[in-house]
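Trainee: Sequence first, then the predicted structure, then my questions.
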Amino acid sequence: MRDHFEVRDFDAGGRIGELRVPRAGVTVETPALLPVINPHIRTIAPAELESEFGAEILITNGYILHQSDDMREAALSRGLHDLYGFDGAIMTDSGSFQLAEYGEIDVTTPEILQFQHDIGSDIGTPVDIPTPPDVSREQAERELATTNEALAAAEGVDVGEMLVNAPVQGSTYTDLRERAARDAYATDLDVFPVGAVVPLLNAYRYDAMVDVVAAAKRGLGQDAPVHLFGAGHPMMFALAVAMGCDLFDSAAYALYARDDRYLTVRGTEHLADLQYFPCSCPVCTDNTPKEIRGCDDETRERLLARHNLHVTFEEMRRVKQAVRKGNLLELVDARARGHPAMLDGYRALLDHADRLERTDPVSKDAFFHVSAECSRRPEVLRHHERLARLDVEGDVLLSEGNKNDDYDATWRVVAPFGPFPRHLSDSYPLTAEVPERRSRDAYEAAAEGVRALVEANPDARFTLAHWRWPGSALERVPERVEMRPLGDRED
């Protein structure tokens, strides 16, 4: 049991948690964003990240510090917290990114972990191999074995109170990701980054990212804090949190600003294309696009970076509030409408609804059926599983209308849930706000609910009084259900 991480609230796979970082003497509320601090370039001072943006934790590159004579000595003599002027928790990377980019680094896991400890890092990282997507299985297995060797070496380093990452690799092979996660969870390491997803995110392969994270989550316990390495664009926070990711690091705020790119929750805009700022952060209320375009390079980069951080932290707060409120999947649904690839990611998320259902609360304030995808949400799956366990006798009318005394019982039928006893009409999620013009998917989901109930009760007789149901949905209803069409309904 890992006592440094505790979950407070769940919604779908998303959670509000507390990550205790003993060396820093702080507790970080998750989901949390770790702004990336480049040791060579300070676009925004770490102290400002803490005071203005509320950053509780940040990440910097321990390998760059290790390789630079001047910075190494300063970090060793002063410590990271004094060097950066930051009171929160500081995570350090090991050089794995440089290894992926350049193919070689001259440091071992024991050496770099010891260095991270000596400079006062609160969460250190071993030298893993970030295997990119779509490589051969042979390469993925070989490099995963090397990563596992690094994790074993990390366990042998005395790091005191410093937490240590246990990266989960395996490329796009979901069985390798699951196995890697199990192996990592079996160590005595502390935080579990899902690595090498940046190429997937850069290629807008959000569905593949979801499958990779889902595989890793299958191998990890609920007490395992999960870091999605390199995921810093606000448009995908809701989706990744819904999968169960807790930590995100972002260099995007600075890198995009350097290229005159402006972040939004729907994607990225080029400053040259903007006539108006669709944002009310201090940067956007105090300046127009034209005014920022007229600034010198350094000022323009700094202003864009500040905006990018504001919108990024704002979205993280919005996601956390959605988890608290219980409407995270509705936020995911809204974000999925911003880009077709995000919609692919949302649909891939719902492929894992059985796992989301395990932690999804059984009661919430409301269920809003806002899209065809809502028919596959965990709440619908849970209702169908409950139907399959119910014992029903006699003649039962399944109806969208009123009670009919000609039957032993009249159950309501509401798409996408399907049938349920009338006395449960005021129970969540059957109080769902459902549009009058429902999608075919909603009716097909309701038909699956009918099927679950009928197949679990072979001795009962069922009559379905249907109206407005598309033919494809009715084809899913078991043959032994008597059908009463629109003209015979009771209301």
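Mentor: Done, it's in.
Trainee: Tell me where the stretch 201-350 of the chain has strands.
Mentor: 226-228, 247-250, 261-264, 267-270 (DSSP state E, counting those that start in this stretch).
Trainee: so which of those strands is the most packed in?
Mentor: strand 226-228 (a mean of 27; mean count of other C-beta atoms under 10 Å). Where C-beta positions appear, they are placed from N, C-alpha and C, glycine not excepted.
Trainee: strands paired with it, and their directions?
Mentor: With DSSP bridges as the test, strand 226-228 is paired with strand 192-194 (parallel), strand 247-250 (parallel).
Trainee: so Leu430 touches Pro419, yeah?
Mentor: No: counting by C-beta atoms under 8 Å, Leu430 stays clear of Pro419, with 10.3 Å between them.
Trainee: Let me have the strands paired with strand 226-228 in TSV, extended by distance to Glu373 and mean pLDDT.
Mentor: Formatted as TSV, those follow (distance: least, C-beta to C-beta, whole Å; pLDDT from 0 to 100):
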stretch	distance to Glu373	mean pLDDT
strand 192-194	24	97
strand 247-250	24	94
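Trainee: Tabulate those (CSV), appending distance to Tyr262.
Mentor: Shown next, in CSV, are the strands paired with strand 226-228 (distance: least, C-beta to C-beta, whole Å):
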stretch, distance to Tyr262
strand 192-194, 28
strand 247-250, 15
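Trainee: So which of these is nearest Lys320?
Mentor: strand 247-250 (12.1 Å; C-beta to C-beta).
Trainee: Contacts for that closest one next, please.
Mentor: Defining contact as C-beta atoms under 8 Å, 6 or more residues apart in numbering, one finds that strand 247-250 is touched by 19, 30-36, 57, 59, 91, 191, 193, 225-233, 237, 240, 312, 316.
Trainee: what stretches of this protein score poorly on pLDDT?
Mentor: 1, 97-104, 486-491 (pLDDT under 70).
Trainee: what separates the longest helix seen in it from the chain centre, distance-wise?
Mentor: In the chain, with assignment by DSSP state H, the single longest helix is helix 297-325. Relative to its parent chain, helix 297-325 has a centroid offset of 17 Å by C-alpha atoms, centre = their mean, to the nearest Å.
Trainee: How about stretch 261-277?
Mentor: 24 Å.
Trainee: Show residues contacting that stretch.
Mentor: So stretch 261-277 is contacted by 233-235, 252-253, 256, 260, 278-279, 283-284, 287-289, 292-293, 300, 304, 307-308, 311-312, 315, 335, 338-339 (C-beta under 8 Å, 6+ apart).
Trainee: Which members of the contacts of strand 247-250 are positioned in helices?
Mentor: The helices, defined by DSSP H, take in Phe237, Ala240, Thr312, Met316 from those.
Trainee: count of residues packed around Arg318?
Mentor: Arg318 has 15 neighbours, counted by other C-beta atoms under 10 Å.
Trainee: The nearest residue to it once chain neighbours are set aside: what's it in contact with?
Mentor: Excluding the flanking residues, the one nearest Arg318 by C-beta to C-beta, 6 or more residues apart in numbering is Leu331, at 7.0 Å. Contacts here follow C-beta under 8 Å, 6+ apart; on that basis Leu331 touches Ala238, Arg318, Val319, Ala322.
Trainee: The same query, at a cut-off of 10 Å, please.
Mentor: Listed by C-beta atoms under 10 Å, 6 or more residues apart in numbering, the contact partners of Leu331 are 11, 14, 237-239, 241-242, 265, 315, 318-319, 321-323, 325.
Trainee: Likewise for His227?
Mentor: Applying C-beta under 10 Å, 6+ apart, the residues contacting His227 are 19, 30, 32, 34, 59, 91, 123, 125, 165, 167-168, 191-195, 245-249.
Trainee: give me that answer again for 8 Å
Mentor: His227 sits in contact with Asn165, Val191, Phe192, Pro193, Val194, Cys245, Asp246, Leu247, Phe248, Asp249, where contact means C-beta under 8 Å, 6+ apart.
Trainee: which residue ranges form the helices in the stretch 151-300 of the chain?
Mentor: Ranges of helices in the stretch 151-300 of the chain, per DSSP state H, counting those that start in this stretch, are 174-185, 198-202, 206-219, 237-243, 252-258, 282-286, 289-293, 297-325.
Trainee: now do the stretch 301-450 of the chain
Mentor: In the stretch 301-450 of the chain, the helices defined using DSSP H, counting those that start in this stretch lie at 328-336, 340-350, 353-359, 378-387, 440-456.
Trainee: Tell me which of the ones you listed approaches Gln114 most closely.
Mentor: Closest among those, using C-beta to C-beta: helix 353-359, at 37.5 Å.
Trainee: Packing partners of that closest one?
Mentor: With contacts taken as 3 or more C-beta pairs under 8 Å, 6 or more residues apart in numbering; DSSP states H and E, helix 353-359 sits against helix 206-219, helix 378-387.
Trainee: and those helices, which is most packed in?
Mentor: Taking mean count of other C-beta under 10 Å, helix 206-219 is the most buried of these, at a mean of 24.
Trainee: Give me the contact list for that one.
Mentor: 13, 133, 168, 170, 172, 174-175, 177-185, 192, 194, 197, 200-201, 226, 228, 236, 239-240, 243-245, 341-342, 344-345, 347-349, 351-352, 355.
Trainee: thinking again about what came up before, can you list the helices of the stretch 301-450 of the chain in a markdown table and add distance to Arg476?
Mentor: Compiled in a markdown table, the helices of the stretch 301-450 of the chain are given as follows (distance: least, C-beta to C-beta, whole Å):
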| stretch | distance to Arg476 |
| --- | --- |
| helix 328-336 | 24 |
| helix 340-350 | 18 |
| helix 353-359 | 18 |
| helix 378-387 | 12 |
| helix 440-456 | 4 |
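Trainee: from the ones you listed, which stretch is densest packed?
Mentor: helix 328-336 (a mean of 24).
Trainee: quick one: that helix to helix 297-325, angle?
Mentor: On the basis of axes from the mean of the first three to the mean of the last three C-alpha atoms, to 10 degrees, helix 328-336 is oriented at 140 degrees to helix 297-325.
Trainee: Just give me how far helix 328-336 sits from the chain centre.
Mentor: Centre-to-centre, helix 328-336 and its host chain are 11 Å apart (C-alpha atoms, centre = their mean).
Trainee: Taking helix 378-387 as reference, get the angle to that helix.
Mentor: 130 degrees.
Trainee: Please shift the residue numbers so they start at 459 in all later answers.
Mentor: All set: I'll call the first residue 459, so the last point we hit is now helix 786-794.
Trainee: related to what we said a few turns ago, tell me the buried residues within the contacts of stretch 719-735.
Mentor: Among the contacts of stretch 719-735, the ones that count as buried by 16 or more other C-beta atoms under 10 Å are 691-693, 710-711, 714, 718, 737, 741-742, 745, 747, 750, 758, 762, 765-766, 769-770, 773, 793, 797.
Trainee: how long is stretch 615-630 end to end?
Mentor: The first residue of stretch 615-630 is 30 Å away from its last residue (C-alpha to C-alpha, to the nearest Å).
Trainee: Give me the buried stretch members for it, please.
Mentor: 615, 617, 620-630.
Trainee: okay, the residues you listed in JSON lines with distance to Glu727 next?
Mentor: Below are the buried residues of stretch 615-630 laid out as JSON lines (distance: C-beta to C-beta, whole Å):
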{"residue": "Val615", "distance to Glu727": "45"}
{"residue": "Val617", "distance to Glu727": "43"}
{"residue": "Met620", "distance to Glu727": "40"}
{"residue": "Leu621", "distance to Glu727": "37"}
{"residue": "Val622", "distance to Glu727": "39"}
{"residue": "Asn623", "distance to Glu727": "33"}
{"residue": "Ala624", "distance to Glu727": "37"}
{"residue": "Pro625", "distance to Glu727": "33"}
{"residue": "Val626", "distance to Glu727": "33"}
{"residue": "Gln627", "distance to Glu727": "33"}
{"residue": "Gly628", "distance to Glu727": "35"}
{"residue": "Ser629", "distance to Glu727": "32"}
{"residue": "Thr630", "distance to Glu727": "30"}
